[in-house]
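K.L.:
Turn this into a structure:
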Amino acid sequence: MKMLRMGIAGLLLAVIGCSSPTAESPSGGNKSSTFKLSKAELQDKIKGGWAGQVIGCSYGGPTEFKWLGSMINDQVPIAWDEHQMTMWYDQFPGLYDDVYMDLTFVSVFEEHGIDAPDSLHAMAFATADYMLWHANQAARYNILQGIMPPASGHYLNNPHADDIDFQIESDFAGLMSPGMINASSELCDRIGHIMNYGDGWYGGVFVAGMYTQAFISDDIQFVVSEALKAVPQESRFYQLISDVIRWHKEYPDDWKRNWFEIQRKWSFEKGCPDGVFKAFNIDASLNAAYIVLGLLYGDGDYGKTVDISTRAGQDSDCNPSNAAGILGTMIGFSNIPDYWKQGLDRVEDRNFSYTDLALTDVYQLGYKHALQMIERGGGEVTNDSVVIAYQAVQPVRLEQSFDGLYPRERVEHQWPLAEKQITHAEKSYRIDFKGAGIVLTGYAQRTNGALPEKDLKLKVLLNGEQIDVLTLPTEVASRKTDVYWNYELPEGDLQLELVTADLPEGYRVAITSALIYDQEK
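P.N.:
The predicted structure follows:
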C-alpha cells in the first residue's frame, strides 16, 4: 500500500489503525479509517485550496470562452507575472465569481451555523448585489418569483440545469469536509439544487469530492477516481469522466489526444439554450472533463495542471480554478511554487467584490468550519491536531435533466434575419412547430430609458388555449434567462403563441430563437 506523503513536502497524515486509501485500494478504506494531521497542516491545505482558486482563475481569465470547441495551442502565450492578479482585482473583479459566489454560502454558515437550511442560502444568493448568468440567474428569478429550492434548480424550471454554475461554486463544500465525502455531498445536495439538477449538480458533488480526497491522499488518480464514485454510474456525467480516466490510461503522455476523444464523443450540448447546436459549451460534465485533464496529465506538477486545464478551452478560467484549488489542497499552500504565488500577497487582504471578506478572512473561516465538520463527522479536535473519521464513498441519487428529450432544430430570429418583437403595437408572437418541447430565447427591456423598470406580462396560448402567464422583468439583475420554455408538451403538431397581457408603450419583448425538442426514440 502506498503511504501518504509525510513531512514538510506534504501534509503529515498519520494513519491510526489502518492503511491509507490509494488508487490501488478501490474501497477507499473502511468506515473505521481515521487520519491524523496537525492543525497547522490542516490550515496549510485549506489555505492552498482557497488561494489555488484565485491563482487558477487569474491565469485563465484572458482566455475565458474565447476558444470554443478548440484547444488553445502551445504557441498562444498566456501572461503570468506579479501584476496579473492585481490587474484583475482592479479592472475586472467580476472574474472571481468562482470565489465570491462560494463566499455567499460560507457567510451563511458563519452567521446561521452549519445546519443553515437551503432557504437561507437561496435568499442570500438571490438578493445579493452581484450579476448572475445561466443556471444561477434562472434560479435567482425563480426564487424571487417564489419558486424555492430544490424546484428552483430543476430542469423543468431551469433550462440551464446542467450548466457549470454549481460546479464552480462547490469548492467550499469539499474544503469544509476533509476526508468526509458523504458530508460534502450532503452540503452539495442542500445548496447545489438551488441552481442545478442532474449533471449540473453532479459537477459540484464531484469537484467537492475531489477536495475531500485531496486532504488524505497525494495520489491524484485516486483523488479523481474516488470522488467519481459519489456520482451514479448510470449518469452521463459519470460515463464522460470515466472515459477521460480510461483515455488517460490509453494515452498517458498525450492530453491533446484525450481532448480530441472528449470532443468527438461528448461535446454535444443538450440543454443550455445558448449552446445547443453551437460551439459554445458551458455544460458541467464537459468542463469537468477539462478539470480532470489538468489534474491527471499535470500529475502533481502545479504549472502543468493549471496550464492544461486552461488550454482545454471553453470555461477556461473556472476549470483551472477548480484544478488549482484541488491540487493546492493536496500539496498545501506552502508547497505551491513561488512562481504561481507571485502577486498573491498584493491581493490577499483585499475584499472580493460584493463581500466584506478577503482571502485572509476566508483562510480562517474555512479552517473554522472544517474543524466543526470534523467533530460533527465523528473526528476529534485537540490542542494541536485533528483526527479525521474517513468516510467510504456513498453515491448520491440518480437524476437526469431533459430525460427523454433531444433537441431537433433551432429557428433563429437574429441577424441576418429580423428579430421578432412583442410590443404595445405588435401584440403577439406565434410559432407553429412539431415537437415535444420548446425554448424561446430572448429578453424584456425598456425602449425608452426615461421609463421605470417594469415586470412585463405575456399570456401563453397552446393550440389556442391559455396555459400560462409569464412575468418578464426588464431589470437586468432580476431578469428571466429565457422568455419561455416547456419540456412537457404533448408531442405532435403544435401552435404556441405569446400575447400581451401587460406591455405598455416604451417596452418590448424580443424573441431571438426557438429551440425545438422531440422525444427520444
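K.L.:
C-alpha from now on. contacts and neighbour counts both.
P.N.:
Will do.
K.L.:
wait, Y202 sits on F237?
P.N.:
Yes - with contact defined as C-alpha atoms under 8 Å, Y202 reaches F237; the gap is 7.0 Å.
K.L.:
Quick check: neighbours shared by those two?
P.N.:
Residues touching both Y202 and F237 (C-alpha atoms under 8 Å, 6 or more residues apart in numbering): V231.
K.L.:
Of those two, which one has the most company?
P.N.:
Y202 (36 against 27; other C-alpha atoms under 10 Å).
K.L.:
who touches stretch 514-521?
P.N.:
Under C-alpha under 8 Å, 6+ apart, the answer for stretch 514-521 is 273, 404-413, 433-441, 487, 491.
K.L.:
Can you turn the buried part of those residues into a ChimeraX selection?
P.N.:
A single ChimeraX command selects the buried members of these (16 or more other C-alpha atoms under 10 Å):
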select :273,405,406,407,408,409,410,412,413,433,434,435,436,437,438,439,440,441,487
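K.L.:
Restricted to strands, list the contacts of stretch 514-521.
P.N.:
405-412, 433-435, 437-441 (DSSP state E).
K.L.:
With respect to V499, which of those residues is nearest?
P.N.:
Using C-alpha to C-alpha, L440 comes nearest to V499 of the ones in strands among the contacts of stretch 514-521, at 13.8 Å.
K.L.:
that older thread, need the max-distance pair from the ones in strands among the contacts of stretch 514-521.
P.N.:
So, the ones in strands among the contacts of stretch 514-521 by C-alpha to C-alpha: farthest apart are L405 and E412, at 20.2 Å.
K.L.:
Counting by contacts, list what the lengthiest helix in the chain packs against.
P.N.:
When the chain is parsed with DSSP state H, its longest helix is helix 39-60. Contacts defined by 3 or more C-alpha pairs under 8 Å, 6 or more residues apart in numbering; DSSP states H and E place helix 39-60 against helix 84-91, helix 97-112, helix 302-311, helix 318-331, helix 359-376, strand 385-389.
K.L.:
so which one among the ones in strands among the contacts of stretch 514-521 has the lowest pLDDT?
P.N.:
pLDDT is lowest at E412 among these; the value there is 92.
K.L.:
my read: it touches T441, true?
P.N.:
No - at 9.6 Å, E412 does not count as touching T441 under the criterion of C-alpha under 8 Å.
K.L.:
what is in contact with the two at once?
P.N.:
T512, S513, A514.
K.L.:
what's near enough to touch the residue sitting furthest away from the middle of the chain?
P.N.:
Going by C-alpha atoms, centre = their mean, the residue of the chain most distant from its centre is A425, 41.3 Å out. A425 makes contacts with E505, as judged by C-alpha under 8 Å, 6+ apart.
K.L.:
Per-residue pLDDT of it, please?
P.N.:
The score at A425 is 93. That number is its pLDDT.
K.L.:
related to what we said a few turns ago, do you know which of the helices and strands packed on helix 39-60 lies nearest L68?
P.N.:
Checking the helices and strands packed on helix 39-60 against L68 by C-alpha to C-alpha gives helix 302-311 as the closest, at 11.0 Å.
K.L.:
which of the residues in the helix or strand hosting L498 are buried?
P.N.:
Using DSSP states H and E, L498 maps to strand 492-502. For strand 492-502, burial by neighbour count (16+ other C-alpha under 10 Å) applies to L494, L496, E497, L498, V499, T500, A501.
K.L.:
and what of stretch 92-111?
P.N.:
Those would be 93-109, for stretch 92-111 by 16+ other C-alpha under 10 Å.
K.L.:
what does stretch 354-362 give?
P.N.:
Neighbour-count burial for stretch 354-362 [16+ other C-alpha under 10 Å]: Y354, L357, A358, L359, T360, V362.
K.L.:
Now do the same contact list for the residue nearest to N319 when sequence neighbours are not counted.
P.N.:
Using C-alpha to C-alpha, 6 or more residues apart in numbering and skipping the chain neighbours, the partner closest in space to N319 is I291 (5.2 Å). Taking C-alpha under 8 Å, 6+ apart, we find I291 in contact with S309, N319, P320, N322, A323.
K.L.:
Quick check: of the residues you listed, which lies closest to F65?
P.N.:
Distances from F65 to the contacts of I291, taken as C-alpha to C-alpha, are shortest for N319 (11.3 Å).
K.L.:
centre of the chain versus the longest helix of the chain, how much separation?
P.N.:
With C-alpha atoms, centre = their mean, to the nearest Å as the basis, helix 39-60 stands 18 Å off its chain's centre.
K.L.:
Give the residue spans of the stretch 351-500 of the chain that score low on pLDDT.
P.N.:
By pLDDT under 70, the weakly predicted segments of the stretch 351-500 of the chain are 415-417.
K.L.:
mean confidence for stretch 135-147?
P.N.:
Summarised as a single mean, pLDDT over stretch 135-147 is 98.
K.L.:
Might one say that V469 is in contact with V460?
P.N.:
Yes - contact status for V469 versus V460: in contact at 5.9 Å, counting by C-alpha under 8 Å.
K.L.:
neighbour count winner among those two?
P.N.:
For V469 versus V460, the count of surrounding residues by other C-alpha under 10 Å is larger for V460: 23 against 15.
K.L.:
so what's the more buried one bridging to?
P.N.:
Beta bridges link V460 to D468, L498 when assigned by DSSP bridges.
K.L.:
So it versus Y487, what's the distance?
P.N.:
According to C-alpha to C-alpha, to the nearest Å, V460 and Y487 sit 14 Å apart.
K.L.:
Then C318?
P.N.:
Counting by C-alpha to C-alpha, the separation of C318 from Y487 is 29 Å.
K.L.:
what do you get for S58?
P.N.:
38 Å.
K.L.:
Spatially, which residue comes closest to the residue positioned nearest the centre of the chain, not counting chain neighbours?
P.N.:
Most central in the chain under C-alpha atoms, centre = their mean is Q167, positioned 2.2 Å from the mean C-alpha point. Closest residue to Q167 apart from its sequence neighbours, by C-alpha to C-alpha, 6+ apart: G204 at 4.0 Å.
K.L.:
isn't that neighbour right up against D163?
P.N.:
No - between G204 and D163 there is no contact under C-alpha under 8 Å: 10.7 Å.
K.L.:
Overlap in contacts, the two.
P.N.:
Overlap of the contact sets of G204 and D163 (by C-alpha under 8 Å, 6+ apart) is empty.
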